[in-house]
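Colleague: Next comes the sequence, and after it the predicted model I'd like to discuss.
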Amino acid sequence: MAFRKDFLWGGATAANQCEGGYNEGGRGLANVDVIPHGKNRSAVVRGARKSFGFEEGEYYPAKQAVDFYHHYKEDIALFGEMGFKTYRMSIGWSRIFPQGDEEEPNEEGLKFYEDVFRECHKHGIEPLVTITHFDCPMGLITKYGGWRNRKLVDFYKKLARTLFTRYKGLVKYWLTFNEINMLLHAPFMGAGIFLEEGENRDQVLYTAAHHELVASAWATKIAHEVDPDIQVGCMLAGGTYYPFSCRPEDVWESKKDLRNNLFLIDVQARGYYPSFILKEFERVGFEIPYQDDDREILLNNTVDFISFSYYASRVSKADPDGELTAGNIFKSVKNPYLKASEWGWQIDPLGLRITLNDLYDRYQLPLFISENGLGAKDVVEADGSINDDYRIEYLREHIKAMKAAVEEDGVDLFGYTTWGPIDLVSASTGEMSKRYGFIYVDRDDAGNGTLARSRKKSFWWYKKVIATNGEDLD
Ligand code: BGP
């Protein structure tokens with residue numbers, strides 16, 4: 001058998017993309033609430049357009065999302081029916097600390113997640129929890145400017161301590177920041193940062209990155225102090241970079257792109273900044289704003305495992321003249337050998353095997369695939385069925401690739417959570433029609449629909465995959 005006996009099969013969601021209930025249970029407003037659907041979304045996500053609240057004429061899909069807040073029992077029961085061993089989900093920070101800087105946490109918010117975790121255990125599901133998945137209370141943005149401000153480290157530490165203490169014995173696996181490298185590409189979504197006209201982007205973003213890295217190391221330290229059984233992981237927006245050709249300049253470009261993508265998790269896994277990024281910092285005139293015992297905290301509190309999302313590989317080219325294609329948040333040169341999803345994300349199962357090997361060779365730490373999947377349009381047939389063979393095909397090929405990485409390459413992989421086991425709001429586009437789920441949710445891009453849940457063909461397929469521990473993929 002390729003996968004270990006206790007392999008963690010499951011699915012992954014984020015609070016802001018599925019929970020809704022944005023103003024219920026004492027929850028405060030968060031950055032993710034004020035990101036609109038439609039033409040202004042990308043500018044807000046990138047921090048280029050300011051958004052502090054709800055504007056007339058805009059639609060904000062996170063406000064209700066797919067209403068997991070009220071449907072969690074039904075949804076977790078469906079995950080249980082598929083045989084999930086784990087469910088990756090995230091905490092809405094502003095449910096726990098509505099403004100972010102309160103002295104005391106909001107009990108109603110804490111209770112909500114406690115109920116969710118207990119519900120998971122009832123179905124034999126181990127929760128795996130991301131502390132922040134593109135999530136920052138608006139109070140911390142308006143008062144402090146988001147993660148550009150060092151004070152966020154303390155607020156995050158307090159959040160982390162509150163969570164680890166309250167959920168001791170209920171949650172064993174934690175991730176500190178979702179796709180930490182995304183803050184460099186999507187500063188408002190990733191770090192609650194609006195960029196001011198004329199300010200030095202590198203300075204602001206590398207400072208914020210340092211703050212998140214220090215906060216992540218602190219969270220790891222606190223977690224291990226609260227409960228030595230807790231396992232803490234980092235989370236990377238992964239995917240390898242191919243050279244466009246064997247021209248040495250293209251190969252060099254791909255090497256640089258790959259390591260630039262990895263430098264944040266280098267710090268989380270090894271405890272210090274790698275030399276190539278220190279040289280880059282020198283070139284752009286950035287000095288790491290070390291304070292107090294930052295160096296020691298980073299060095300002594302590295303992660304227990306590496307998790308990453310994988311949707312596609314990317315291509316690097318020395319001359320900036322290639323045809324581009326869409327990808328997770330930012331574009332890349334198009335790979336002529338690959339097909340793409342309806343959203344232009346190129347499909348590359350072998351790229352997953354390569355990514356697993358890249359990461360295992362580099363870190364020699366257990367790996368966890370925390371996101372993978374196909375965003376596609378589904379058709380509901382007259383009889384209510386949804387025949388999503390394209391999704392099955394995508395997942396089957398990716399599972400085969402990870403099987404090869406384990407069986408033939410010896411990669412230590414302990415779990416796999418597909419993205420969006422239940423349809424949810426797309427992070428990049430705000431659409432509902434970009435669906436990833438095994439479970440269909442009746443809701444459209446404008447927020448119409450009954451929110452009723454139904455099983456797609458892939459639901460039964462994934463159930464069988466889990467039941468056979470990945471042996472039967474037909
Ligand atoms: C990752 C995020 C997720 C998720 C996924 C799919 O970057 O961690 O939140 O949304 O990508 O992307 P999209 O929703 O844009 O299709």
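Modeller: Sure, I can see it.
Colleague: in terms of contact, does V214 touch I297 like I think?
Modeller: Yes - applying CB atoms under 8 Å, one finds V214 in contact with I297, separated by 6.3 Å. (Glycine included, C-beta is placed from N, CA and C.)
Colleague: who has more neighbours, the two?
Modeller: More crowded of V214 and I297, by other CB atoms under 10 Å: V214, with 26 against 19.
Colleague: just checking, what packs against whichever strand or helix holds the more buried one?
Modeller: Assigned by DSSP states H and E, V214 belongs to helix 201-226. When contacts are defined as 3 or more CB pairs under 8 Å, 6 or more residues apart in numbering; DSSP states H and E, helix 201-226 sits against helix 151-166, strand 173-177, helix 187-191, strand 231-237, helix 248-270, helix 275-284, helix 294-300.
Colleague: how about the residue sitting nearest the centre point of the chain, what does it touch?
Modeller: Geometric centre of the chain, nearest residue: N178, 4.0 Å, by CA atoms, centre = their mean. Going by CB atoms under 8 Å, 6 or more residues apart in numbering, N178 touches 14, 90, 130, 132-134, 235.
Colleague: still on that earlier bit, go through the helices and strands packed on helix 201-226 and pick out the most buried.
Modeller: Most buried of the helices and strands packed on helix 201-226, by mean neighbour count (mean count of other CB atoms under 10 Å): helix 187-191, with a mean of 28.
Colleague: which helices and strands sit right next to that one?
Modeller: Applying 3+ CB pairs under 8 Å, 6+ apart, we find helix 187-191 packed against helix 41-45, helix 201-226.
Colleague: Show me which positions of the longest one end up buried.
Modeller: Using 16 or more other CB atoms under 10 Å as the burial criterion, the residues of helix 201-226 that qualify are 204-224, 226.
Colleague: And for the first one?
Modeller: For helix 41-45, a neighbour-count test (16+ other CB under 10 Å) marks 41-42, 44-45 as buried.
Colleague: farthest pair in those residues?
Modeller: Spanning the widest gap among the buried residues of helix 41-45 are S42 and V44, at 7.4 Å by CB to CB.
Colleague: Kindly state the pLDDT recorded for Y462?
Modeller: Note on Y462: pLDDT of 98.
Colleague: Isn't it up against I422?
Modeller: No - contact criterion CB under 8 Å: Y462 and I422 do not qualify, at 11.9 Å.
Colleague: joint contacts of those two?
Modeller: Jointly contacting Y462 and I422 under the rule CB under 8 Å, 6+ apart are F438.
Colleague: Give me every residue in this protein lying close to the ligand.
Modeller: When proximity is defined as CB under 6 Å from any ligand atom, the chain approaches the ligand at 14, 17, 178-179, 237, 309, 328, 371, 375, 419, 426-429, 434.
Colleague: helices and strands of the chain: which one has the lowest mean pLDDT?
Modeller: Sorted by mean pLDDT, DSSP states H and E, the helices and strands of the chain end with strand 324-325, the least confident at a mean of 84.
Colleague: just how off-centre is that one within its chain?
Modeller: Put simply, strand 324-325 sits 22 Å off its chain's centre (CA atoms, centre = their mean, to the nearest Å).
Colleague: cool, and stretch 198-210?
Modeller: Relative to its chain's centre, stretch 198-210 lies at 22 Å (CA atoms, centre = their mean).
Colleague: Also stretch 243-252?
Modeller: For stretch 243-252, the gap between its own C-alpha mean and the chain's C-alpha mean amounts to 30 Å (CA atoms, centre = their mean).
Colleague: average model confidence for it?
Modeller: Here the average pLDDT along stretch 243-252 is 97.
Colleague: sorry, back to before: so for I347, which of the helices and strands packed on helix 201-226 sits nearest?
Modeller: strand 231-237 (16.9 Å).
Colleague: Which element is encountered next along the chain beyond the closest one?
Modeller: Using DSSP H and E, the helix or strand that follows strand 231-237 in sequence is strand 241-243.
Colleague: Pull out the buried positions in that following strand.
Modeller: 241-243.
Colleague: Check which strands are paired with that strand and give the direction for each one.
Modeller: In the sheet, strand 241-243 lines up against strand 314-316 (parallel) (DSSP bridges).
Colleague: Name the surrounding residues that touch the strand it pairs with.
Modeller: The contact list for strand 314-316, computed with CB under 8 Å, 6+ apart, reads 239-244, 250, 253-254, 256-257, 322, 327, 332-335.
Colleague: Show me how far it is from its chain's centre.
Modeller: Centroid displacement of strand 314-316 relative to its chain, using CA atoms, centre = their mean, is 21 Å.
Colleague: same question, stretch 420-434
Modeller: With CA atoms, centre = their mean, you get 13 Å for stretch 420-434.
Colleague: Would you mind putting the CA coordinates of it into CSV?
Modeller: Listed next in CSV are the C-alpha coordinates belonging to stretch 420-434 (Å, rounded to 0.1, in the frame of the first residue of the first chain):
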residue,chain,number,x,y,z
GLY,A,420,-13.3,23.2,-1.5
PRO,A,421,-14.9,19.8,-0.8
ILE,A,422,-18.1,21.8,-0.7
ASP,A,423,-18.6,24.6,-3.3
LEU,A,424,-17.5,27.9,-1.9
VAL,A,425,-16.6,31.5,-3.0
SER,A,426,-13.5,31.7,-5.2
ALA,A,427,-10.7,33.7,-3.6
SER,A,428,-9.4,35.2,-6.8
THR,A,429,-12.7,36.0,-8.6
GLY,A,430,-15.3,36.0,-5.9
GLU,A,431,-17.4,33.7,-8.1
MET,A,432,-19.5,30.8,-7.0
SER,A,433,-19.5,29.4,-10.5
LYS,A,434,-15.9,28.4,-10.1
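Colleague: List the buried residues of it.
Modeller: Going by neighbour count (16+ other CB under 10 Å), the buried part of stretch 420-434 is 420-432, 434.
Colleague: Equivalent analysis for stretch 88-107, please.
Modeller: For stretch 88-107, using 16+ other CB under 10 Å, the buried residues are 88-101, 105-106.
Colleague: Next, the distance between the ends of that stretch.
Modeller: 22 Å (CA to CA, to the nearest Å).
Colleague: OK, now which residue of the stretch 251-400 of the chain is nearest to the ligand?
Modeller: Residue nearest to the ligand within the stretch 251-400 of the chain: G375 (4.4 Å; CB to the nearest ligand atom).
Colleague: could you list every residue that touches the nearest residue to that residue once chain neighbours are set aside?
Modeller: Once flanking residues are discounted, G375 sits nearest to K434: 4.0 Å by CB to CB, 6 or more residues apart in numbering. Neighbouring residues of K434 by CB under 8 Å, 6+ apart: 343, 375-377, 426.
Colleague: out of the residues you listed, which are buried?
Modeller: Buried members of the contacts of K434, counted by 16+ other CB under 10 Å: 343, 375-376, 426.
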